[in-house]
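Novice: Fold the following.
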Amino acid sequence: MNDQPSAVTERPVFPAFDPLSQEFKRNPYPVLERARRECPVFHHPALDIWVVTRYDDAVTVQTDWETFSQRAAALVPAPPELSARVSSSFFAHSLMASDPPAHTVSRKEVNRAFTRGRVAAMQPVVLEIVDALIDSFEGAGRCDIVNQFCHPLGVSVMLGLLGLPREDTTPFTQIAEDLMVLVSARADQELESDGADAGPTPRVDDADRLARWTRMADMRDYLTAEVARRIAEPLDDLTSALAGARDADGAPTLDPQLVVTHMIELITAGTDTTAQLIAHMIALFDENPRALHALRGEPNRWECAIEEGLRRRGTNLGVFRKTTREVELCGVTIPANALVWSLCGAAGHDVDHFDDPEEFDIARANAAEHLSFGRGRHFCLGAPLARLEARIALQRLYERLPRLRPVPGQRLVYKPVLKNFILERMDVHWT
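Specialist: Presented below is the predicted three-dimensional model:
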């Protein structure tokens, strides 16, 4: 295949862009750098999306919600045999797929969990979970850091906030993966529609789709029962706060099924973003041992190091939006009702915004200007907690296992998720 970009036309294309390939997921940055330089806004016919790669344009897409609507995401439709138990349309009312005013109402209630004081109070809880996980594998000399540490950590912290039992995190880790695999991007629906239809979809065969939707239906049944219990007997947890939220007239702010949707969103966000950040930063430190050595001597630099990790190898490739009108970006006209993919991963390596972007520089002055948590009204609510978890987890890992590093020679494999970089596993050792 000819991977040279076409000449700039009404619909410029860039055939080298293949976001589901393992080669791209392992190292997307050479391809993204070429795209920024040669074809910064292009149409990808196979997925029918418009891809935006430059920092300033990516910020525009993420902040101008009246032109670039958030309502561009849906789910791969549920199999007919499960339609009575769970509807694909539940995701249309999620935080990830709604605009103001509905988004504003939900965000206000969910935001109560992530105030500065509440996040700071989580520090001893996170440290306790981190130490317990390290205790479970320390004597073995090696482990799969993704599945034995990263995912259990993120899920355990989020389950604690929601007031759910965290003895077995496996079902919640699985449902987070299921949601990310089932998410598609919706380009051909009206903005008012709640239907889940075509658009760029992950490669999900019928058997896999049935298994994932069955787990989704089971999880929604379980969480629906938990919400009903909180309505009857509120506790001091986020589930009770969401279920008990009231407007000025005393009426419930959120429907119980919407509370369930938000709970699944939070579990998903709390699993993948933090987990994959920790794993990828372990790989970055292995490639940049001087950075790790500097942090051991100056632990006050960890916060900047986390921001640089998010910029250098953020786990969110990009966010989808849908145009509400015809719009021009970088000299390219994008039609109305088109699906636009604002690539956070490409923006974080834009040489016009970040000097020497391929360098992993834990002292970078503007590292926090990355877009890994989004920008504007849809900035990630859990960002403060994700930063706290990643800092505590990495700092404690290297304190207790100072020789920790990835096992050499392993071939990293990523899950078939369109918009995120999610490792299947990563083996590490420390002997």
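Novice: Show me the helices in the stretch 301-431 of the chain, by range?
Specialist: Along the stretch 301-431 of the chain, counting by DSSP state H, counting those that start in this stretch, helices occupy 302-313, 344-347, 383-400.
Novice: export these to CSV and tack on mean pLDDT and distance to Arg36?
Specialist: Any C-beta I mention is one placed from the backbone N, CA and C, and that applies to glycine too. Shown next, in CSV, are the helices of the stretch 301-431 of the chain (pLDDT from 0 to 100; distance: least, C-beta to C-beta, whole Å):
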stretch, mean pLDDT, distance to Arg36
helix 302-313, 97, 15
helix 344-347, 95, 6
helix 383-400, 94, 25
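Novice: Deepest-packed of the ones you listed, please.
Specialist: Counting by mean count of other C-beta atoms under 10 Å, helix 344-347 has the highest mean neighbour count of the helices of the stretch 301-431 of the chain, with a mean of 27.
Novice: how far out from the middle of the chain is that one?
Specialist: Taking C-alpha atoms, centre = their mean, to the nearest Å, one finds the center of helix 344-347 at 13 Å from the center of the full chain.
Novice: list the helices and strands that helix packs on?
Specialist: helix 29-38, helix 55-63 (3 or more C-beta pairs under 8 Å, 6 or more residues apart in numbering; DSSP states H and E).
Novice: buried ones in the shortest one?
Specialist: Same thing as helix 55-63. Tyr55, Asp57, Ala58, Val59, Thr60, Val61, Gln62, Thr63 (16 or more other C-beta atoms under 10 Å).
Novice: so it versus helix 29-38, what angle?
Specialist: Using axes from the mean of the first three to the mean of the last three C-alpha atoms, to 10 degrees, the direction of helix 55-63 lies 100 degrees away from that of helix 29-38.
Novice: Give me the contacts around helix 55-63.
Specialist: Outside of helix 55-63, the residues within contact range by C-beta atoms under 8 Å, 6 or more residues apart in numbering are 40-41, 52, 68, 318-319, 321, 329-330, 340, 342-344, 346-348, 350, 352-354, 371, 374-378.
Novice: Kindly report the same for the longest one.
Specialist: Residues from elsewhere that reach helix 29-38, judged by C-beta under 8 Å, 6+ apart: 5, 14, 16-18, 24, 42, 51, 53-54, 343, 345-346, 349-351, 358.
Novice: show me where pLDDT drops low in the stretch 101-250 of the chain?
Specialist: Per-residue confidence for the stretch 101-250 of the chain (pLDDT under 70) gives these ranges: 101-109, 113, 184-204.
Novice: Which parts of it are helices?
Specialist: So, for the stretch 101-250 of the chain - with DSSP H, counting those that start in this stretch - the helices run 102-110, 116-121, 123-137, 145, 151-162, 170-182, 206-232, 238-243.
Novice: May I have the last one as CSV, with CA atoms only?
Specialist: Think helix 238-243. C-alpha atoms of helix 238-243 as CSV (Å, rounded to 0.1, in the frame of the first residue of the first chain):
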residue,chain,number,x,y,z
LEU,A,238,-20.4,8.2,46.3
THR,A,239,-23.1,5.8,45.3
SER,A,240,-25.4,7.1,48.1
ALA,A,241,-24.5,10.7,47.1
LEU,A,242,-25.4,10.2,43.5
ALA,A,243,-28.6,8.2,44.3
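Novice: Identify the residues contacting that helix?
Specialist: 109-110, 112-113, 161-164, 226-227, 230-231, 234, 252, 254, 256, 259, 262-263, 266.
Novice: Make a PyMOL selection of whichever of those turn out to be buried.
Specialist: Command for PyMOL that selects the buried part of those, burial taken from 16+ other C-beta under 10 Å:
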select buried, resi 109+110+113+161+162+163+164+226+227+230+254+256+259+262+263+266
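Novice: ok, back up a step: any chance of CSV for the helices and strands packed on helix 344-347, columns mean pLDDT and distance to Arg301?
Specialist: Shown next, in CSV, are the helices and strands packed on helix 344-347 (pLDDT from 0 to 100; distance: least, C-beta to C-beta, whole Å):
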stretch, mean pLDDT, distance to Arg301
helix 29-38, 97, 24
helix 55-63, 95, 24
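Novice: show me what contacts Ser342?
Specialist: Taking C-beta under 8 Å, 6+ apart as the test, what Ser342 contacts is Val52, Asp57, Ala58, Val61, Gln62, Phe68, Gly318, Val319, Phe320, Arg321, Leu371.
Novice: Buried residues in stretch 418-427, which are they?
Specialist: Applying 16+ other C-beta under 10 Å to stretch 418-427 flags Leu418, Lys419, Asn420, Phe421, Ile422, Leu423, Met426, Asp427 as buried.
Novice: Going C-terminal from the longest helix along the chain, what's the next secondary structure element?
Specialist: Longest helix in the chain by number of residues (criterion: DSSP state H): helix 256-287. Beyond helix 256-287 on the C-terminal side, the first helix or strand identified by DSSP states H and E is helix 289-297.
Novice: can I have that following helix written out in PDB, keeping just the CAs?
Specialist: Output of helix 289-297 as PDB, limited to C-alpha atoms (Å, rounded to 0.1, in the frame of the first residue of the first chain):
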ATOM      1  CA  PRO A 289      17.200   5.300  34.000                       C
ATOM      2  CA  ARG A 290      18.700   8.700  34.700                       C
ATOM      3  CA  ALA A 291      15.200  10.100  35.200                       C
ATOM      4  CA  LEU A 292      14.500   7.500  37.800                       C
ATOM      5  CA  HIS A 293      17.800   8.100  39.500                       C
ATOM      6  CA  ALA A 294      17.000  11.800  39.700                       C
ATOM      7  CA  LEU A 295      13.600  11.100  41.300                       C
ATOM      8  CA  ARG A 296      15.200   8.900  43.900                       C
ATOM      9  CA  GLY A 297      17.400  11.900  44.900                       C
END
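Novice: isn't Ala363 right up against Cys304?
Specialist: Yes - if you go by C-beta atoms under 8 Å, Ala363 and Cys304 touch, sitting 6.5 Å apart.
Novice: With respect to Pro335, which of the helices of the stretch 101-250 of the chain lies nearest?
Specialist: helix 102-110 (24.4 Å; C-beta to C-beta).
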